[in-house]
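Colleague: Sequence and computational prediction follow.
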Amino acid sequence: MDEAPSVAGEDRLPPPAVPPFRPTPAPRRRRLWQGAGSVLALIVTAVVVGGLLIKVPYVALSPGSARDTEDLVRVEGVAAYPSEGALLLTTVRVQTRPNLWEYLWLDTVADDVEIVPEEMILQDRSPDENRRANLEQMTSSKSTAVAVALEQLGYDAITPGGVRAVEVVEGSAAAAVMARNDTVVAADGQPVLTREDLFEVLDGKAPGDELRLRIEPAAGGPAKDVTVTLGDSPDQPGRAFLGIGPADKADLHDDEFGFVVDIDSGSVGGPSAGLAFTLAVLDKLTEGELTGGAKVAVTGTIDSSGHVGAVGGVPQKAVAVREAGASAFLVPTSLGEAEIAEVRRKVGDEVQVIPVDNIEQALNALATLGGQVDAVHEFAAGNASGGTS
């Protein structure tokens, strides 16, 4: 049989064999690292999210504002005098229960923030109860401030009514017979109208002595007579210690003079603006510049006797005072030397820090700054002589 003829150019060789495709397996180490990276990412995500959700039982106190108090004072029915200077009300921003990351940042990086345990601020109250209590304190503080200012202007705006226990120290002599807000109206048979009356009796006592008290319960009901054995003062050993935080209780008559003084404090709570409000009312009702035309920042509580009490967060307020450009900062003497030194460091050399104990010292301090304090005395003198209505 003849073979089939060849065709020119035709390749009769068989096609080369092509090996089947087999993917090269990834190295086992790479797969392990990829798995570990996924697990690590999940852990980091869980930690970050967890830190955002975890609330720590602390309170962060940071600088708030310093605003002109006189803008908040409204007067109707009597002449009012605008001021070119300013009495600055100082505040602190309070952040309750920051999350874990906020806490770590504020505690380690933020220089002007103070972190304190929650119980120091809330005591035995919930955050909502504490907010309501602060607003109630503000309402009381405003009423007392107006009454103290009117007293300085010669009006009979305050009738003393005893010493209220704003705090009762656990384990003290008072703790066995008194509750918070009970009022002492007599001690060893002597009437007690103000804190000074009670201090005078206590100054004649020693630890271990007995003290007879007449107490009006805050819960109502008749007064009760009790006898306590005084303890030893933890701060001043050898001095008799009753164990209450005293505040003058008084009937305020700030709405009986034919005019109205009102203070709009907005959402600000607490009693620490008492001194600022008192001075602002005095400046509003008298001619001249109580600050001498300067910006003067003020903090401190005020009670019905005109005593200036300590407040919290003053180093943080000092930062706001510095940034507001105040020339002076009135603070309570009862803050103590260490905290006042810290306030001076915070405000810097441009701001004069002046500690005061009472309204008279505050007015004297303003006088040294060039304030026209004589206008207050002249108003009071005119009231005493019947020259002011």
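Modeller: Sure thing, it's come through.
Colleague: what bits of the chain have low per-residue confidence?
Modeller: Counting by pLDDT under 70, the chain has low-confidence residues at 1-37, 39, 46-52, 100-101, 103, 105-110, 123, 254, 384-389.
Colleague: again, only using 80
Modeller: 1-57, 59, 94-111, 113-116, 118-127, 130, 253-256, 383-389 (pLDDT under 80).
Colleague: Let's check: the centremost residue of it is which one?
Modeller: Nearest to the centroid of the C-alpha atoms of the chain, with distances taken as Cα atoms, centre = their mean, sits Gly312, at 4.7 Å.
Colleague: which SS class is that residue?
Modeller: Three-state call for Gly312 (DSSP: H, G, I helix; E, B strand; the rest coil): coil.
Colleague: in which helix or strand would I find Asp262?
Modeller: Using DSSP states H and E, Asp262 falls within strand 260-263.
Colleague: after that strand, next one along is what?
Modeller: Next along the chain after strand 260-263, taking DSSP H and E as the criterion, comes helix 274-285.
Colleague: can you pull the buried residues of stretch 86-104?
Modeller: Of all the residues in stretch 86-104, those buried under the rule 16 or more other Cβ atoms under 10 Å are Ala86, Leu87, Leu88, Leu89, Thr90, Thr91, Val92, Val94, Arg97, Pro98, Glu102, Tyr103. Where C-beta positions appear, they are placed from N, C-alpha and C, glycine not excepted.
Colleague: Quick one: end-to-end length of that stretch, please.
Modeller: Counting by Cα to Cα, to the nearest Å, you get 37 Å between the two ends of stretch 86-104.
Colleague: coming back round to it: my guess is the residue nearest to the centre of the chain meets Thr299, correct?
Modeller: No. Judged on Cβ atoms under 8 Å, Gly312 makes no contact with Thr299 at a distance of 9.7 Å.
Colleague: Could you name every residue contacting both of these two?
Modeller: Jointly contacting Gly312 and Thr299 under the rule Cβ atoms under 8 Å, 6 or more residues apart in numbering are Ser272.
Colleague: circling back to that earlier point, against which helices or strands is the strand holding Asp262 packed?
Modeller: strand 73-76, helix 127-152, helix 274-285 (3 or more Cβ pairs under 8 Å, 6 or more residues apart in numbering; DSSP states H and E).
Colleague: looking at the ones you listed, which is buried most?
Modeller: Comparing the helices and strands packed on strand 260-263 by mean neighbour count (mean count of other Cβ atoms under 10 Å), helix 274-285 ranks first with a mean of 28.
Colleague: Can you name the element that comes right after that helix?
Modeller: Scanning forward in sequence from helix 274-285 by DSSP H and E, the next helix or strand is strand 295-298.
Colleague: Could you pull up phi and psi at the closest residue to Pro127 other than its chain neighbours?
Modeller: Nearest residue to Pro127, sequence neighbours excluded (Cβ to Cβ, 6 or more residues apart in numbering): Thr96, at 5.4 Å. Main-chain torsions, Thr96, degrees, to the nearest 10: phi -90, psi 130.
Colleague: ok, Thr96 touching Met120?
Modeller: No. Counting by Cβ under 8 Å, Thr96 does not reach Met120; the two are 11.7 Å apart.
Colleague: Pull the contacting residues for the closest residue to Val116 other than its chain neighbours.
Modeller: Counting by Cβ to Cβ, 6+ apart, Val59 is the residue found nearest to Val116 once chain neighbours are left out, at 5.5 Å. With contact set as Cβ under 8 Å, 6+ apart, Val59 has these partners: Val94, Gln95, Thr96, Arg97, Ile115, Val116, Pro117, Glu118, Met120, Ile121, Leu122.
Colleague: residues contacting Ala294?
Modeller: Ala294 neighbours (Cβ under 8 Å, 6+ apart): Gly85, Ala86, Ala326, Ser327, Ala328, Leu369, Gly370.
Colleague: again, only using 10 Å
Modeller: Glu84, Gly85, Ala86, Leu87, Gly325, Ala326, Ser327, Ala328, Leu366, Leu369, Gly370, Gly371 (Cβ atoms under 10 Å, 6 or more residues apart in numbering).
Colleague: Distance of the third one relative to Ala328?
Modeller: Note on Ala86: its distance to Ala328, by Cβ to Cβ, to the nearest Å, is 11 Å.
Colleague: Quickly list what's touching both of those two.
Modeller: Shared contacts of Ala86 and Ala328 (Cβ under 10 Å, 6+ apart): Thr291, Ala294, Lys295, Val296, Ala297.
Colleague: Of the residues you listed - the most surrounded one?
Modeller: Ala297 (29 neighbours; other Cβ atoms under 10 Å).
Colleague: Now do the end-to-end distance for stretch 368-380.
Modeller: Stretch 368-380 has its terminal residues 20 Å apart, counting by Cα to Cα.
Colleague: From the recorded domain assignment, give the ranges for the chain.
Modeller: Per automatic domain parsing, the domain ranges recorded for the chain read 61-157+258-383, 159-252.
Colleague: can you redo these as a markdown table with distance to Thr45?
Modeller: Converted to a markdown table, these look like this (distance: least, Cβ to Cβ, whole Å):
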| stretch | distance to Thr45 |
| --- | --- |
| domain 61-157+258-383 | 14 |
| domain 159-252 | 46 |
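Colleague: Can you tell me which of those is nearest to Leu42?
Modeller: Minimum separation from Leu42 across the domains of the chain (Cβ to Cβ) falls at domain 61-157+258-383, 18.5 Å.
Colleague: Quick check: closest non-adjacent residue to Val228.
Modeller: Ala173 (4.1 Å).
Colleague: Am I right that that neighbour is in contact with Gly243?
Modeller: Yes. With contact defined as Cβ atoms under 10 Å, Ala173 counts as touching Gly243 (5.4 Å).
Colleague: Enumerate every residue touching Asn364.
Modeller: Asn364 sits in contact with Ile354, Val356, Asn358, Gly371, Val373, where contact means Cβ under 10 Å, 6+ apart.
Colleague: Much appreciated, bye for now.
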